[in-house]
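Engineer: Pasting a predicted model and its sequence here:
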Amino acid sequence: MKNLFKLTALVAISAVPFMLKAQTVTLDYYFNHEVHKTKEGAVERFHYLWEEKDLNGYSNWGDAFVAAGAKIKSLDAAPTVDNLKGTDIYIIVDPDTKKESPNPNYIMPKDVEQIEKFVKAGGVLVMMANDSANVELPHFNTLAAKFGMHFTDDLNNHVLGNKIESGTMMVEGNPLFPTAKKIYMKDICGIALTGPAKPLLKNGDAVVIATAKYGKGTVFAVADPWLYNEYTNGHLPAGYDNDKAIVDVTQWLLKQVKK
């Protein structure tokens, strides 16, 4: 009995670091590396950054991950198996076109190979596109194709002026959204699916959120950057649940991480 007690205590103690290990979420800053000039004329990074608290940033999404117990970081270099070690969720958002960056870093075959290995080994990959006029889709689609997905040139949920109903989607009952009922997502592409890829959310005939299991990992694709601060900071009219959707999506992604 005494030896059994010691063994039980030892197992419990050794399990503590594993149980307390925070999941790490890495946001790509390499394929998305937009720059603009400040009022002072200085060139600075902007658009879809964790630390960016204005309407262009992902600070709200970063806060949602941290509130759920995760750690957030960024990656300024091309992804490799080595520099993705320790990353549980890797997010690529809106890869640059030449109008967004003077020297865009396109997703090349070597990048696809490294990211594929990351997912196959159990990583969670998030791909967030945009309407085709505002994202570099041809190279992005070489990555998406590995998982049975293709971001289309279609323009869905096009919103003219203040007619926001065109970007409105009802999601009550969708398993991705246990708390959100009504969300807003405007001017987006679509996602064509083959093989292992499955739709998570459709608007009419257009797939706007999809997922695929690949090896030990999971891929999650969205037809828009969507969860940035402009649409998750309470500025939408009453009744929209993007602030709840950001928590729902965060929780869904963290649940895909292999324990």
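Structural biologist: That came through fine. Numbers count the residues shown, from 1 in each chain.
Engineer: how about the one residue sitting closest to the centre of the chain, secondary structure?
Structural biologist: Geometric centre of the chain, nearest residue: V126, 4.0 Å, by C-alpha atoms, centre = their mean. Of the three states, V126 takes strand under DSSP: H, G, I helix; E, B strand; the rest coil.
Engineer: Now it. Nearest residue, chain neighbours left out?
Structural biologist: Leaving aside its chain neighbours, V126 sits nearest to I91 (4.2 Å; criterion: C-beta to C-beta, 6 or more residues apart in numbering). Any C-beta I mention is one placed from the backbone N, CA and C, and that applies to glycine too.
Engineer: Let's verify that neighbour: helix, strand, or coil?
Structural biologist: strand.
Engineer: Is it bridged to anything, and to what?
Structural biologist: When assigned by DSSP bridges, I91 has beta-bridge partners L27, V126.
Engineer: Let the chain start at 20 from now.
Structural biologist: Will do, 20 is the new start, and the previous item becomes I110.
Engineer: Let's see the pLDDT reported for it.
Structural biologist: The per-residue pLDDT reported for I110 equals 98.
Engineer: So it sits against T43, correct?
Structural biologist: No: using C-beta atoms under 8 Å, I110 is not in contact with T43; the gap is 11.4 Å.
Engineer: Between those two, point out the one with more neighbours.
Structural biologist: For I110 versus T43, neighbours defined as other C-beta atoms under 10 Å are more numerous around I110 (26 against 18).
Engineer: got the residue ranges for the strands in the protein?
Structural biologist: 43-47, 54-56, 62-64, 90-94, 108-112, 143-147, 168-170, 187-189, 201-203, 210-212, 217-222, 225-233, 236-241 (DSSP state E).
Engineer: out of the ones you listed, which comes closest to A257?
Structural biologist: A257 sits nearest to strand 201-203 of all those, at 10.3 Å, using C-beta to C-beta.
Engineer: quick check: mean pLDDT across the closest one?
Structural biologist: 97.
Engineer: what pLDDT does the closest residue to G234 other than its chain neighbours get?
Structural biologist: Spatial nearest neighbour of G234, excluding adjacent residues (C-beta to C-beta, 6+ apart): K139 at 3.2 Å. Note on K139: pLDDT of 98.
Engineer: K139 contacts Y233, correct?
Structural biologist: Yes: assessed by C-beta under 8 Å, K139 is found in contact with Y233 at 6.2 Å.
Engineer: what pLDDT, on average, does stretch 254-262 get?
Structural biologist: 93.
Engineer: Show me which positions of that stretch end up buried.
Structural biologist: 255, 259-262 (16 or more other C-beta atoms under 10 Å).
Engineer: Now distance to T99 too, for the residues you listed, in a markdown table please.
Structural biologist: Below are the buried residues of stretch 254-262 laid out as a markdown table (distance: C-beta to C-beta, whole Å):
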| residue | distance to T99 |
| --- | --- |
| L255 | 39 |
| Y259 | 39 |
| D260 | 38 |
| N261 | 34 |
| D262 | 35 |
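Engineer: Please identify which of these is nearest to L195.
Structural biologist: Scanning the buried residues of stretch 254-262 for proximity to L195, where the rule is C-beta to C-beta, the winner is D260, at 12.4 Å.
Engineer: From what I see, that closest one and P197 are in contact.
Structural biologist: No: if you go by C-beta under 8 Å, D260 and P197 don't touch, sitting 11.1 Å apart.
Engineer: what about stretch 210-230, distance to the chain center?
Structural biologist: Counting by C-alpha atoms, centre = their mean, to the nearest Å, stretch 210-230 is centred 15 Å from the centre of its parent chain.
Engineer: Residues in contact with it: which ones?
Structural biologist: 148, 163, 166-171, 173, 175-176, 188, 190, 193, 195, 204, 207, 209, 231-233, 237-243 (C-beta atoms under 8 Å, 6 or more residues apart in numbering).
Engineer: show me where the stretch 170-278 of the chain has helices.
Structural biologist: In the stretch 170-278 of the chain, the helices defined using DSSP state H, counting those that start in this stretch lie at 261-275.
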